[in-house]
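A.B. asks: Generate a structure from the sequence data that follows.
(one chain, ligands or ions: 1)
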Amino acid sequence: MWNKDIETIDVKKLRSQQSKSLKKLVEKVYKVPFYKKRMDELDVDPSDIKSIDDISKLPFTTKYDLREVYPYGLCTCNMDDIVEVHMSSGTTGTPVVDAYTLNDIEIWSEVMARTLSMGGVTKSDIVQNAYGYGLFTGGFGVHYGSRKIGCLTIPISGGNTQRQLQVLKDFGSTVLTCTPSYSLYLAEAGKEMGIDFSKMPLKAGFFGAEAWSETMRTEIEAKLHLKAYDIYGLTEIIGPGVAAECECQKGLHVFEDHFYPEIINPETGEVLPDGEKGELVFTTLTKTGTPILRYRTRDITYIFKEKCECGRTHRRIHRLLGRTDDMLIIRGVNIFPSQIENVLLKQKGIEPHYLLVIDRVNNLDCLEVQVEMSDDLGFDEVKVIESIEKTIEHALHNELLIFAKVKLVEPKSIQRSEGKAKRIVDNRKI
Ligand code: DLL
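C.D. replies: Numbers count the residues shown, from 1 in each chain. Presented below is the predicted three-dimensional model:
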């Protein structure tokens, strides 16, 4: 364990520490016009916050709010104390900014060192960091954690697949960090280059920044011959390092001494008890650059009620179940891309590369699932292809309760991503 004292801290002590941090935080953010206005509107004064249990009295913050105060509206410190900025990778609207003080970079290094240590990384490891370096938080986040542990860090950044594989071979990387979709792409390209991953020293991979499933984990672990850990975070909170899986791989421990999690009903804002599914909300308890109160992530999950076997006392969230805003509503039915992925990854004759195309024909929503057929399947084997399509359509119908057309497409015809995969094309003009 990287920091046993804090990671296994007695829960009562943790709550008391969180209460102290929250009180300090509220006094500080009340000086920022944005938060003062929000708290005044709810008639909450900093003196009303006496413990962490009072957190639900505080206002929520949304992505929309952050865009309103872009770029520095939430800074609570002197601008001279900001040493680095990162921005969300969102493709639409004004990006959201996280501005870090040296204190925040230290917190980031600490939580990322914990993240990597959870998967057994030590200073003897060689970390090939294939998350993008730049405004995206993936590259720098892993880098700071890896450096804090004292690993040999290869800051290769995303993309340039041939070079990634060459470096993997030449430098004997023991740890790989990138998006889960890119790890599968590396496995595929590596196989073509004749790399036998079972003979490589890779032992662990830390994958996140996009949704993936248990079935995808099985696939990654089998193809790359490593143990694949789920890591979670978001720019608004700090980047990666908000929550991560331990060796038990049963949920992600939230680094609760820094980031306080709540689950709410996304419609009413009501706080839900542990065990119930809803929208994940975070308050940054210790950040000094752009601390944030009750940020609505739009990510859907639940907090485990049970303690983890590893001995850590920080609560765990289930791997993400979807987002309130990427939930597809097709013919009135709520569908999460992860449900489709789960079905696809269990089928034979196809590869884990797919695209969901939604159209509206005669006022009716139509979902087409395009998925690549395996290399060993001839494109001219029409009967076999049709039979696979039918089998998957049947399996999807059982899961989604609506019909989705399945189309097997040629191997490697779906665009690969070096960062977050784009898997939905919604052509409906609604
Ligand atoms: O993706 C930070 C990150 C970098 C996390 C590297 C993990 C590894 P953003 O670009 O701001 O930050 O995107 C944040 O990505 O709200 C989730 O919807 C999604 N996401 C992040 N990690 C996971 C994960 C980074 N493990 C948004 N599983 C979040 C599913 C994830 N979705």
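A.B. asks: interface residues of the stretch 51-200 of the chain facing the ligand?
C.D. replies: Taking CB under 6 Å from any ligand atom, the part of the stretch 51-200 of the chain that reaches the ligand is made up of 88-89, 131, 137-138. No exception for glycine: its C-beta is placed from N, CA and C like everyone else's.
A.B. asks: from the residues you listed, which single one is nearest Ile263?
C.D. replies: Nearest to Ile263 among these: Ser88, at 22.1 Å, using CB to CB.
A.B. asks: Hmm, Val96 and the closest one touching each other?
C.D. replies: Yes - contact criterion CB atoms under 8 Å: Ser88 and Val96 qualify, at 4.6 Å.
A.B. asks: Looking at these two, which one has more neighbours?
C.D. replies: More crowded of Ser88 and Val96, by other CB atoms under 10 Å: Val96, with 24 against 21.
A.B. asks: Could you tell me the per-residue confidence at that one?
C.D. replies: Model confidence at Val96, given as pLDDT, is 85.
A.B. asks: Could you give the backbone dihedrals for it?
C.D. replies: Per-residue torsions, Val96: phi -100, psi 150 (degrees, to the nearest 10).
A.B. asks: From Tyr72, how far out is it?
C.D. replies: 12 Å (CB to CB, to the nearest Å).
A.B. asks: follow-up on the earlier one: overlap in contacts, Ser88 and Val96.
C.D. replies: Listed as contacting both Ser88 and Val96 by CB atoms under 8 Å, 6 or more residues apart in numbering are 235-236.
A.B. asks: ok, back up a step: tell me which two in the residues of the stretch 51-200 of the chain next to the ligand are the farthest apart.
C.D. replies: Pairwise distances across these (CB to CB) peak at 14.4 Å, for the pair Ser88 and Tyr131.
A.B. asks: about what we covered before: and which of the residues of the stretch 51-200 of the chain next to the ligand is nearest Ala404?
C.D. replies: Ser89 (28.1 Å).
A.B. asks: Which residue is the nearest non-sequential neighbour of the residue in the chain that the ligand sits nearest to?
C.D. replies: Relative to the ligand, the nearest point of the chain is Gly208 (3.0 Å; CB to the nearest ligand atom). Nearest residue to Gly208 in three dimensions, chain neighbours excluded: Ile231, at 4.0 Å (CB to CB, 6 or more residues apart in numbering).
A.B. asks: can you confirm that neighbour is in a helix?
C.D. replies: No - under DSSP: H, G, I helix; E, B strand; the rest coil, Ile231 sits outside any helix and is assigned strand.
A.B. asks: Distance check, Lys346 against Thr391.
C.D. replies: Look at Lys346 and Thr391: by CB to CB, they are 11 Å apart.
A.B. asks: do the same with Lys20
C.D. replies: 57 Å.
A.B. asks: For the longest strand along the chain, give me every contacting residue.
C.D. replies: Counting residues, the longest strand found in the chain (DSSP state E) is strand 350-361. In this structure, residues lying in contact with strand 350-361 by CB under 8 Å, 6+ apart are 184, 188, 216, 219, 328, 330, 337, 340-341, 344-345, 365-375, 388, 392, 408, 411-412, 414, 416, 423-430.
A.B. asks: From the residues you listed, list just the buried residues.
C.D. replies: Taking 16 or more other CB atoms under 10 Å as the criterion, what is buried in these is 184, 188, 216, 219, 328, 330, 337, 340-341, 344-345, 365-367, 369-373, 388, 392, 408, 411, 414, 423.
A.B. asks: residue ranges with poor pLDDT in the stretch 251-400 of the chain?
C.D. replies: Residue ranges of the stretch 251-400 of the chain with pLDDT under 70: 379.
A.B. asks: Close to the ligand: what parts of it are there?
C.D. replies: When proximity is defined as CB under 6 Å from any ligand atom, the stretch 251-400 of the chain approaches the ligand at 297, 299, 320, 323.
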